[in-house]
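# starting from these lines, generate the structure:
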Amino acid sequence: MQECLDYAASSQGEVCGLIIDSARLFRCRNVHPDPSHYFRISDSDWMAAEEEGEITAIFHSHPAPVPVLSGADRKAQVLTGLPWWLACGGRLHKFRPVPHLLGRRFQHAVTDCYTLFRDAYHLCGIDLPDFERTDGWWLRGENLYLKNMAANGFHQVDACEAQPGDVIIRQPFPGADPCHAMIMLEGGKVLHHDCAGHLSRREDYRMAYLKQTHSLWRHEQCLSLDLRGIYADISARSQ
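Residues are numbered from 1 along each chain as shown. Reported below is the predicted structural model:
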């Protein structure tokens, strides 16, 4: 929506607004005491927007070149449960209202390791499709991870070339398809969610995981992968 970009370009601070019926920008005043770095929509503006139609998204801008949601943004987005639109660097970025990456309970095909991987990449600026999967696919030779990685812009890389943002595919036990994904983070950490009764978490890429590693994958748009999206969300969840 060009109006959002024009509005963002009109100010050196953060501008904000509400999207009505997925089609129209309702401009709001930024009443935050530090509008250069944060925004706040007043109750009166919110109520006035509700009289215009259904609020379907929240819009704001980042004057600094940070095209991902900040920790404060993510904390507020989870509370609102709405899509957030972000204007930054002359582009409009749209973020789905995904749960925080840490602390999720495992539910196959709803909040599983692929959901975490997909949501984390979304927060970092790369959108991946969901794909249909039924419980136990890794025991039936369906190889869903390997087929979908190659089909959606990923290519294998050697372990010696690994870098933060790469995806590690594990084979947790012999005889099963490689069926678990982890995102490599800085400092030898990984972000993942397994089905062993654990919540989604960030932890060391320990020796047991290294031994189970099947392959490493990198997206063709890896230069567009802004890992600040993950770190900001982790920071927000940890507060």
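
# any idea how far the spatially most central residue of the chain lies from residue 132?
Residue closest to the mean C-alpha point of the chain, counted by CA atoms, centre = their mean, is residue 123 at 2.4 Å. Remark: distance between residue 123 and residue 132 (CB to CB, to the nearest Å) = 23 Å. All C-beta spots, glycine's among them, are computed from the backbone N, C-alpha and C.

# what of residue 152?
Distance, residue 152 to residue 132, using CB to CB: 14 Å.

# excluding its backbone neighbours, what's nearest residue 83?
In this structure, residue 83 finds its nearest non-sequential neighbour in residue 57, 4.3 Å apart by CB to CB, 6 or more residues apart in numbering.

# buried ones in the helix or strand containing the one you found?
For residue 57, the host element (DSSP states H and E) is strand 55-61. By neighbour count on 16 or more other CB atoms under 10 Å, the buried set for strand 55-61 is 55, 57-61.

# nearest to residue 199 among the residues you listed?
Among those, residue 58 lies closest to residue 199 (CB to CB), at 27.5 Å.

# residue 152 and residue 132 - which one has more neighbours?
residue 152 (16 against 7; other CB atoms under 10 Å).

# which residues touch the residue lying closest to the more buried one once chain neighbours are set aside?
In space, and not counting its chain neighbours, residue 152 is closest to residue 128: 5.8 Å by CB to CB, 6+ apart. Shown in contact with residue 128 (CB atoms under 8 Å, 6 or more residues apart in numbering): 117-118, 121-122, 152.

# please repeat the previous calculation with a cut-off of 7 Å.
118, 121, 152 (CB atoms under 7 Å, 6 or more residues apart in numbering).

# now do residue 121
Neighbours of residue 121 in contact, by CB under 7 Å, 6+ apart: residue 128.

# swap in 8 Å and give it another go.
Per CB under 8 Å, 6+ apart, neighbours of residue 121: 127-128, 183, 219, 225.

# mind exporting the helix or strand harbouring it as CSV, just the C-alpha atoms?
If you go by DSSP H and E, residue 121 is part of helix 113-123. What follows is helix 113-123, C-alpha atoms only, in CSV (Å, rounded to 0.1, in the frame of the first residue of the first chain):
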residue,chain,number,x,y,z
CYS,A,113,9.5,-28.4,14.5
TYR,A,114,8.5,-27.3,11.0
THR,A,115,6.1,-24.7,12.3
LEU,A,116,8.8,-23.2,14.5
PHE,A,117,11.3,-23.2,11.5
ARG,A,118,8.7,-21.6,9.2
ASP,A,119,7.6,-19.0,11.8
ALA,A,120,11.2,-18.1,12.6
TYR,A,121,12.1,-17.6,9.0
HIS,A,122,8.9,-15.5,8.6
LEU,A,123,10.0,-13.1,11.4
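
# which elements pack onto the helix or strand that that helix is followed by?
Heading C-terminal from helix 113-123, the first helix or strand you meet, by DSSP H and E, is helix 144-151. Judged by 3 or more CB pairs under 8 Å, 6 or more residues apart in numbering; DSSP states H and E, the packing partners of helix 144-151 are strand 167-170.

# rounded mean pLDDT for the strand it packs on, please.
When pLDDT is averaged along strand 167-170, the result is 97.
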